[in-house]
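Chemist: The amino acid sequence is not available; the structure is as follows:
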């Protein structure tokens, strides 16, 4: 009987003390190390447990045999007290129940920490195997859960990488101006926006420009020196320094030709006496720089008369150099300016051979040489900035004495309309507007912009007024004589006119007179202000572009993108981009007139006002339609890329 009591007491000590120790061990393991360090915790627990067992055996030597017999089932299962009770003998079961009654908190800890205790009691092989068995499925489950997540990410990311058009082409742009370095007109916008759009069409683009002294210092100081050399230029063998400064922006590489003697003026264009030597040098230096840098493009794209000698140089003086492999395209932005001067002067400054100064190439009339004409003759492809203008310049009225020359080369003449840069002209994100907007809220937001514009320019604040905007160089080409003739008839109490720009003194003074005569209804802002320009595009209802001729025109494209309806003459790019409104079908996106007459401009304006005041719903639909119209450079860039590929196949 005494032996039984001793055995029971020993068993009780073995159950309670290991449980308490286990509780402490589990707590220590959880606090000191994460579950990933389970092997270390198991080793630690085994050592502590072995020490405790040795102490228990020395205390109860007589009951060792029986206690060992009871020990096995107790270690086998620690999850529930019922399972242990069934496998142990009656005395052991009674002891366990008594322990349970005395130590309720211990059982709670044991039950909650059961998985951890199973890992701790790893002395028994079955328990260790069970832990491994449980860990393996958990790891597999994690892998199975992670795998679909990875697949989902891959599936979502795949469409984010659009496939670029093939094959890749390298293009060198050569021109006299480029935004934001230097800009005097539309050429600067094209030289900036088109190369950037071509990058997205899988083209490698380099732009070569003169390093004018007027380029802002913030760009000058970021230019990197690429090299320098001396180049033969003049007919007498006179040489000139050619420096190359590089600037990289938006994926486009800009290389500036540096020479203080030619480019030290405060503005890019001065007079023909100075400009002829300047651009004779620039065209030759641009080709020499490409050879020097060993960057041979597939296509050299020249712009206007300032780069007119590039095709001539390429096929004569550079014919036996690596750059001769390139094809050459020349774009006509404005045929009115051609670089015409006497033959001896151009022959001296260019150093070109005598045979190019013939009637089929550079010679014009009896004594003059035409730099643009020579470039058109030697180029592989000629483009203009609209399809209609490409046809017009082959007629005497628009041809500027080159109509016969262009008809002869009509087989390589194409027309591609310009676009606008949505990064610069986006009413939804335009920080210069009082109330940015898009096509979904344009009707309401334009009212707020109109009121802000009227207040800024000193006009009567009234959102019900019909406001006409005009942003232009003040010259005859822009049709300002037509506008000047009809202003008194426009001032009917319901109409306001805003003019922004500089130019001929006659028009500047004339519009100032109207501002004084019709205060509150007419504004003449004789300057160019970027902030005011954005405000006029957004605040005006209609926009005048009544040009005598217009190769492309950008202002009507910007106006449409800002929800302002254009009133234009059907010429050049204006005809290609503005479809006349049809009152029967509701189609069209502007108002047009054909012959160059002030009465027809007034008639088109009155038709616009009638629709605005009497059929506002149709007007609002046209405004939204204009905003949805794609006038970005993406469309034009794709067409230019097709021409590059066609030229180089």
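Modeler: Nice, thanks for sending it over. Bear in mind the structure is a predicted one, so any value in this text is a computation, not a measurement.
Chemist: C-alpha from now on. contacts and neighbour counts both.
Modeler: OK.
Chemist: Show me the shaky parts of the stretch 501-649 of the chain.
Modeler: Counting by pLDDT under 70, the stretch 501-649 of the chain shows no low-confidence range.
Chemist: Can you show me the strands along it?
Modeler: Applying DSSP state E, counting those that start in this stretch to the stretch 501-649 of the chain gives strands spanning 522-525, 542-545, 565-569, 591-593.
Chemist: May I see those organised as JSON lines, with mean neighbour count and distance to residue 249 added?
Modeler: Formatted as JSON lines, the strands of the stretch 501-649 of the chain follow (neighbours: other CA atoms under 10 Å; distance: least, CA to CA, whole Å):
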{"stretch": "strand 522-525", "mean neighbour count": "23", "distance to residue 249": "33"}
{"stretch": "strand 542-545", "mean neighbour count": "27", "distance to residue 249": "33"}
{"stretch": "strand 565-569", "mean neighbour count": "28", "distance to residue 249": "33"}
{"stretch": "strand 591-593", "mean neighbour count": "25", "distance to residue 249": "39"}
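Chemist: can you list those in TSV and add distance to residue 397?
Modeler: As requested, those are exported to TSV (distance: least, CA to CA, whole Å):
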stretch	distance to residue 397
strand 522-525	32
strand 542-545	20
strand 565-569	16
strand 591-593	18
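Chemist: Out of those strands, flag the one nearest residue 464.
Modeler: Taking CA to CA, strand 542-545 is the member of the strands of the stretch 501-649 of the chain nearest to residue 464, at 13.4 Å.
Chemist: quick one on the thing from earlier: mind checking which of the strands of the stretch 501-649 of the chain is nearest residue 579?
Modeler: strand 591-593 (7.6 Å).
Chemist: Just list what the closest one packs against, helices and strands only.
Modeler: Applying 3 or more CA pairs under 8 Å, 6 or more residues apart in numbering; DSSP states H and E, one finds that strand 591-593 contacts strand 565-569, helix 598-614.
Chemist: Next, the angle helix 598-614 makes with the shortest one.
Modeler: Compare the direction of strand 565-569 with that of helix 598-614 by axes from the mean of the first three to the mean of the last three CA atoms, to 10 degrees and you get 160 degrees.
Chemist: now residue 469, what's its secondary structure?
Modeler: Under DSSP: H, G, I helix; E, B strand; the rest coil, residue 469 falls in the strand class.
Chemist: OK, contacts around it?
Modeler: Counting by CA atoms under 8 Å, 6 or more residues apart in numbering, residue 469 touches 497, 498, 499, 536, 537, 540, 541, 542, 543, 544.
Chemist: For PyMOL, write the select line for the buried members of the residues you listed.
Modeler: Buried subset of the contacts of residue 469, written as a PyMOL selection, criterion 16 or more other CA atoms under 10 Å:
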select buried, resi 497+498+499+536+537+540+541+542+543+544
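Chemist: Output the contacts of residue 469 as TSV; include the columns distance to residue 166.
Modeler: Shown next, in TSV, are the contacts of residue 469 (distance: CA to CA, whole Å):
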residue	distance to residue 166
497	49
498	47
499	46
536	41
537	38
540	43
541	43
542	42
543	40
544	41
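Chemist: Of all pairs in the contacts of residue 469, which one spans the longest distance?
Modeler: Farthest pair in the contacts of residue 469, by CA to CA: 499 and 541, 13.7 Å.
Chemist: any idea how far residue 605 is from residue 403?
Modeler: 33 Å (CA to CA, to the nearest Å).
Chemist: Same check on residue 437?
Modeler: Counting by CA to CA, the gap from residue 437 to residue 403 is 45 Å.
Chemist: before we move on, what about residue 259?
Modeler: Taking CA to CA, one finds residue 259 at 36 Å from residue 403.
Chemist: Please apply the same query to residue 446.
Modeler: Counting by CA to CA - residue 446 and residue 403 are separated by 44 Å.
Chemist: ditto for residue 547
Modeler: Per CA to CA, residue 547 is found 20 Å from residue 403.
Chemist: More neighbours: which of these two?
Modeler: residue 547 (23 against 19; other CA atoms under 10 Å).
Chemist: give the contact list for that one.
Modeler: Counted by CA under 8 Å, 6+ apart, residue 547 has contacts 477, 478, 479, 480, 568, 569, 571.
Chemist: Any figure for the gap between residue 505 and residue 512?
Modeler: Counting by CA to CA, the gap from residue 505 to residue 512 is 10 Å.
Chemist: cool, residue 600 as well?
Modeler: 24 Å.
Chemist: per-residue pLDDT, the residue nearest the centre of the chain?
Modeler: With distances taken as CA atoms, centre = their mean, residue 423 lies nearest the centre of the chain, 6.7 Å away. Looking at residue 423, its pLDDT reads 89.
Chemist: go on, residue 108?
Modeler: Reported pLDDT for residue 108: 43.
Chemist: Repeat that for residue 164.
Modeler: If you check residue 164, the pLDDT there is 81.
Chemist: Looks like it contacts residue 198 (just checking).
Modeler: No. At 11.1 Å, residue 164 does not count as touching residue 198 under the criterion of CA atoms under 8 Å.
Chemist: ok, now how distant is the residue lying closest to residue 452 once chain neighbours are set aside from residue 593?
Modeler: The shortest distance from residue 452 to any non-neighbouring residue, by CA to CA, 6 or more residues apart in numbering, is to residue 434 (6.5 Å). Distance from residue 434 to residue 593, counting by CA to CA: 33 Å.
Chemist: what about this structure, any weak spots by pLDDT?
Modeler: In the chain, residues with pLDDT under 70: 1-162.
Chemist: Show me it divided up by domain.
Modeler: Using automatic domain parsing, the domain parsing of the chain gives 2-148, 169-415, 442-631.
Chemist: Tell me the backbone dihedrals of residue 333, please.
Modeler: Taking degrees, to the nearest 10, you get phi -90, psi -30 for the backbone angles of residue 333.
Chemist: Please name the residues that touch the residue nearest to residue 452.
Modeler: For residue 434, the contact set (CA under 8 Å, 6+ apart) comprises 448, 449, 452, 535.
Chemist: surely the first one meets residue 433?
Modeler: No. With contact defined as CA under 8 Å, residue 448 does not reach residue 433; the gap is 9.6 Å.
Chemist: So for the two, which residue has more residues nearby?
Modeler: A direct count of neighbours by other CA under 10 Å for residue 448 and residue 433 places residue 433 higher, at 23 against 17.
Chemist: just to revisit the earlier point, so between residue 505 and residue 512, which is more surrounded?
Modeler: The residue with more neighbours, out of residue 505 and residue 512, is residue 512; 16 against 11, by other CA under 10 Å.
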